[in-house]
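Undergrad: Okay, sequence plus prediction incoming.
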Amino acid sequence: MSGGHLPAMLAEVLAYLAPREGRTYLDATFGGGGYTRAILEAAPCTVFALDRDPDAIARGASLAARHPGRLHLIEGRFGDMVSLLEAEGVTALDGVVFDLGVSSFQLDEAGRGFSFRAEGPLDMRMGRAGPTAADLVNTLEERPLAELLLEFGEERHARRVARAILRARAEAPIETTARLAAIVRSAVPPARDGIDPATRSFQGLRIAVNDELGELTRGLEAALSLLSPAGRLVAVSFHSLEDRIVKRRLAEVSGRAGNPSRHDPAALAAAPSRPGFRLLTPRAVMPSEAEIGANPRARSARLRAAERLAEAA
């Protein structure tokens, strides 16, 4: 059902998630259904699958029909997974997987406005509600727009791009991906690595439109709270901003966040807490060269995983 859209690091995700018979799992980012399908085929288990994109949920209908009673599709944000699952009678999980960022389906559909490689409306919403990318580029003042591009897009020329956008929108509203890409390219010098100069600005706008980093922080906390003893969390990220959040939080809950400063007496006096999780990936797991050759979009993937420990006696 994934229609040629290959899920990144599928073998590694299954190895760390380790699906088992009779257990309950959550695919927090259903997308094309690649991870969900593999989990269902790996063990006779139950899978709940979330996605804020109604198109993704609609695509999953055929997969649900092939696994009656085992796959339950839910439209919604993974930051709301606790309440969404409670409504389904689920209060604990044996595993959660996140495939972060934009899906291949969203990138490849020009009408969604995620990609500068095809003409389309400047939308970028993963769902159907809230401000679009066009709303941001046509209303934000120069400074907040530049800050957005720097923080979320890591665009070194953010101020220059913001000024170019303001000049262009004074002539006419910026409404298409092609026009925005041309504006950014006019302001950013070509990269030595051949990456399109519009890449970082489009990333920054997409993350802002969908509150992706805030959603990730909320989603991680929700997933950690729902995992049963021996339950596992597996997260695949595609850029440093996502990976940094996952890395830091899994280190914290696994007791690997580092020692308190010797200059902080309050922290030193506090009784050490027993870690609630075991870190399964001391370092991020990378895709193999063979996978990158078969699926170039997997190149930037980074996998991290942790397992909830048994409750203290």
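TA: Happy to help now that I have it.
Undergrad: How far away from the center of its chain is stretch 157-177?
TA: Here stretch 157-177 is found 27 Å from its chain centre; the criterion is C-alpha atoms, centre = their mean, to the nearest Å.
Undergrad: Pull the residues that contact it.
TA: 110, 113, 115-116, 118-122, 134, 137-138, 141-143, 145-150, 155, 179-180, 183-184, 186-189, 201-202, 204 (C-beta atoms under 8 Å, 6 or more residues apart in numbering). Backbone N, C-alpha and C define where each C-beta goes, glycine included.
Undergrad: Quick check, central residue of this protein?
TA: With the centre of the chain defined as its mean C-alpha position, the nearest residue by C-alpha atoms, centre = their mean is L100, 1.9 Å away.
Undergrad: L71 versus that residue, what's the distance?
TA: 21 Å (C-beta to C-beta, to the nearest Å).
Undergrad: Repeat that for R308.
TA: R308 is 24 Å from L71, by C-beta to C-beta.
Undergrad: Please apply the same query to V253.
TA: 29 Å.
Undergrad: Give me the more crowded residue out of these two.
TA: Shown here are V253 and L71; by other C-beta atoms under 10 Å, L71 has more neighbours (23 against 20).
Undergrad: Tell me which stretches of the protein form strands.
TA: 24-27, 46-51, 71-75, 93-99, 227-237, 277-279, 302-308 (DSSP state E).
Undergrad: L6 is nearest to which of these?
TA: Nearest to L6, of all these, is strand 93-99, at 11.4 Å by C-beta to C-beta.
Undergrad: Show me the contact partners of that closest one.
TA: 7-8, 13, 17-20, 23-29, 31, 35, 39, 45, 78, 85, 216, 219-220, 223, 226-228, 230-237.
Undergrad: Could you give me the buried positions within that strand?
TA: Residues 93-99 are the ones in strand 93-99 that count as buried (16 or more other C-beta atoms under 10 Å).
Undergrad: any idea which of the residues you listed is closest to E212?
TA: Relative to E212, and with distances defined as C-beta to C-beta, the nearest of the buried residues of strand 93-99 is F98, at 11.4 Å.
Undergrad: mind checking how far the closest one is from F78?
TA: On the measure of C-beta to C-beta, F98 and F78 end up 7 Å apart.
Undergrad: Overlap in contacts, the two.
TA: Common neighbours of F98 and F78 (C-beta under 8 Å, 6+ apart) are 28-29, 219, 223.
Undergrad: Return the closest of those residues with respect to A294.
TA: Looking across the shared contacts of F98 and F78 and measuring by C-beta to C-beta, the closest to A294 is T29, at 21.3 Å.
Undergrad: who are the neighbours in contact with that closest one?
TA: 50-51, 78, 97-100, 103.
Undergrad: try 6 Å this time
TA: 98-99 (C-beta atoms under 6 Å, 6 or more residues apart in numbering).
Undergrad: you'd agree A310 is up against A230?
TA: No - with contact defined as C-beta atoms under 6 Å, A310 does not reach A230; the gap is 7.1 Å.
Undergrad: Which one of those two is surrounded by more residues?
TA: Remark: of A310 and A230, A230 carries more neighbours, 15 against 8, as counted by other C-beta under 10 Å.
Undergrad: distance of the more buried one from R160?
TA: Taking C-beta to C-beta, one finds A230 at 51 Å from R160.
Undergrad: Ok, M81 next?
TA: Distance from M81 to R160, by C-beta to C-beta: 40 Å.
Undergrad: more crowded one of these two?
TA: Higher neighbour count among M81 and R160: M81, with 25 against 17, using other C-beta under 10 Å.
Undergrad: mind listing the helices for the stretch 151-300 of the chain?
TA: Taking DSSP state H, counting those that start in this stretch as the test, the helices found in the stretch 151-300 of the chain are 158-171, 177-187, 199-210, 212-226, 240-253, 265-269, 289-294.
Undergrad: and the angle for the fifth one with helix 199-210?
TA: When you say that, I think you mean helix 240-253. For helix 240-253 against helix 199-210, the angle by axes from the mean of the first three to the mean of the last three C-alpha atoms, to 10 degrees is 60 degrees.
Undergrad: Helix 240-253 vs helix 212-226, what angle?
TA: Computed by the same axes, to 10 degrees, the angle between helix 240-253 and helix 212-226 is 30 degrees.
Undergrad: In a markdown table, list the buried residues of strand 93-99 along with distance to R169 and pLDDT.
TA: Shown next, in a markdown table, are those (distance: C-beta to C-beta, whole Å; pLDDT from 0 to 100):
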| residue | distance to R169 | pLDDT |
| --- | --- | --- |
| L93 | 45 | 98 |
| D94 | 50 | 98 |
| G95 | 46 | 98 |
| V96 | 41 | 98 |
| V97 | 40 | 97 |
| F98 | 35 | 97 |
| D99 | 34 | 93 |
